Structures are given as structure tokens and as C-alpha cells.
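# Here is a sequence together with a model predicted from it:
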Amino acid sequence: MSDHDGTRTRSRCTGRLLAGLAWVVLLLGLWLWGRDLADVRESLAPSATGDMAAAGRPAADRPPSAADPPTDALPRRLDIPDLGVRAPVVARGLDARGAVVPPPADQSGTVGWYGAGVKPGASGTALLVGGPGAGDRTGAFDRIGSLRPGEAIRVVRDDGSVADFTVDDIEVLPRDGLDVRQASGARQPGRAELRLIGCDATAHGGSGGCAAHVVVSAHLTGAGQ
């Protein structure tokens with residue numbers, strides 16, 4: 001083989017080697033570019049977990065989420081921090097009209113709980129009632145009409161646990177306009193709810209009765225010790 005032929009052969013081999021290296025570099029570049037693009041897409045994709053309906057909604061506008069009902073326990077004390085109320089709770093029955101009997105007048109600072117019904121914090125609607133104050137005694141529920149949605153109600157229970165509720169709404173109803181069965185119905189099935197039923201402090205009857213009722217509805221938003 002002549003020197004000229006050898007040079008041509010070496011040139012062809014070198015050309016093929018360079019072409020092969022070029023393809024390797026090109027394929028490596030395409031692979032790296034594709035991986036970077038996939039990473040960018042993944043970082044931009046929205047998470048599929050969480051409350052999708054709440055996306056973009058300001059946190060302050062979201063109502064407190066309902067909590068899971070804690071272990072069954074009897075109520076012992078009701079606290080309403082915004083009203084300065086810390087009232088003992090006693091079990092009560094129903095009167096002839098099917099309404100929960102409030103504590104007697106000499107226990108106006110006490111709250112009555114329908115003892116045959118749902119325990120506060122358990123699934124369903126627990127009923128708590130308070131009678132009007134008498135003489136210089138203030139009723140435990142005299143000022144519940146001033147509560148506002150979002151405010152807190154706490155029930156301390158006999159096992160040391162605390163069921164935390166958040167107020168949903170407040171209604172003032174004429175004495176004859178209170179439907180106890182409707183008041184005891186759950187707003188959302190399976191949720192732990194609370195109803196406070198008291199006397200409108202501005203509408204006490206002249207004979208010591210109650211001319212209007214205040215009904216405060218709340219739902220469980222936390223439970224702990």
C-alpha cells in the first residue's frame with residue numbers, strides 16, 4: 001500500500017471517529033435537556049393533595065375544619081372565653097313539651113345538659129341550656145346573644161379532656177318559635193355539634209319567664225387535654 005493510500009485510510013477512520021463522537025455528544029446533550037425539562041414541569045405542576053377547593057382562597061376566609069369526635073366523656077364545665085363564662089354543667093331531662101329543663105333559679109350560673117342525649121364532643125348534636133338570671137344572680141347564658149361566628153366555646157369533660165367548638169351562627173327566636181327537634185338536628189351528618197339555648201336577656205318575661213330564646217350553633221374544631 002502506498003503512503004497516499006495509507007493517508008486516505010487514516011483520514012477515513014479519523015472522520016468516522018469524529019462523527020461518532022459528535023453523535024455521542026449530541027445524544028448526551030438531548031438526554032440532559034430532556035431531564036431538565038421534566039424537572040421544570042414537575043416543579044410547576046400543582047400538588048394533588050390537600051383541599052383543592054381552597055386553592056387560591058385566603059387562609060383567613062376559610063372556616064375552621066371539623067375535628068374528629070374524641071372519646072366519649074361526660075361534660076363537667078362550659079367555658080366561653082369571650083364572655084368570661086366558666087359554668088358547671090349538670091345533667092337534665094325534658095319537660096312536657098320536649099324541651100330540656102334548665103337549671104333551677106337558685107342555680108342560674110349553672111348550665112343544663114340533656115343527659116339522655118349526645119355528649120358534647122361526640123358525633124351528633126349536644127344540647128346545653130341556661131335559665132335567665134334571677135335577682136342579683138346572672139344567668140350563665142344571659143349574654144350568649146352577643147357571641148359572633150368564629151368565637152370559641154370549650155367543654156371540659158370528666159376525663160380531663162377538652163372539646164373545642166367554634167360558633168357557626170346565632171338565632172333569636174320567639175318563645176313559641178323554638179322547635180326543639182329542629183334545634184337538636186345536626187347541620188352535617190356525622191359531625192360533632194353543639195347547641196346553646198338560652199333566654200334573650202333583653203326580652204325576659206315580667207313573671208321571670210323568657211319571652212325569646214337565643215340559639216347558638218357550633219361545631220367541634222379541636223379536642224385535647
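Received it, and whenever you're ready, just let me know what you need. Numbers count the residues shown, from 1 in each chain.
# Run a quick neighbour tally on the nearest residue to Leu83 once chain neighbours are set aside.
Distances taken as C-beta to C-beta, 6 or more residues apart in numbering put Arg143 closest to Leu83, at 5.2 Å, once the chain neighbours are dropped. From N, CA and C alone the C-beta is placed, and that goes for glycine too. Number of residues near Arg143 (other C-beta atoms under 10 Å) recorded here: 17.
# Over to Arg154?
With neighbours defined by other C-beta under 10 Å, the count for Arg154 comes to 17.
# Give me the three-state assignment for it.
strand (DSSP: H, G, I helix; E, B strand; the rest coil).
# Quick check: beta-bridge partners of it?
Each beta-bridge partner of Arg154 is listed here, defined by DSSP bridges: Asp79, Asp164.
# what's the distance between it and Gly93?
Applying C-beta to C-beta, to the nearest Å, the value for Arg154 to Gly93 is 25 Å.
# Likewise for Cys210?
Cys210 sits 18 Å away from Gly93 when distances are taken as C-beta to C-beta.
# Could you list the low-confidence segments of this protein?
Low-confidence segments of the chain, defined by pLDDT under 70: 1-71, 135, 177, 180, 182, 201-209.
# just the helices in it please.
Using DSSP state H, the helices of the chain run over 3-44, 180-183.
# Now do the contacts for the residue nearest to Arg92 when sequence neighbours are not counted.
The shortest distance from Arg92 to any residue that is not its chain neighbour, by C-beta to C-beta, 6+ apart, is 3.7 Å, and that residue is Gly112. With contacts defined as C-beta atoms under 8 Å, 6 or more residues apart in numbering, Gly112 is in contact with Val89, Val90, Ala91, Arg92, Val100, Val101, Pro102, Pro103, Leu128, Val129, Gly130, Gly131.
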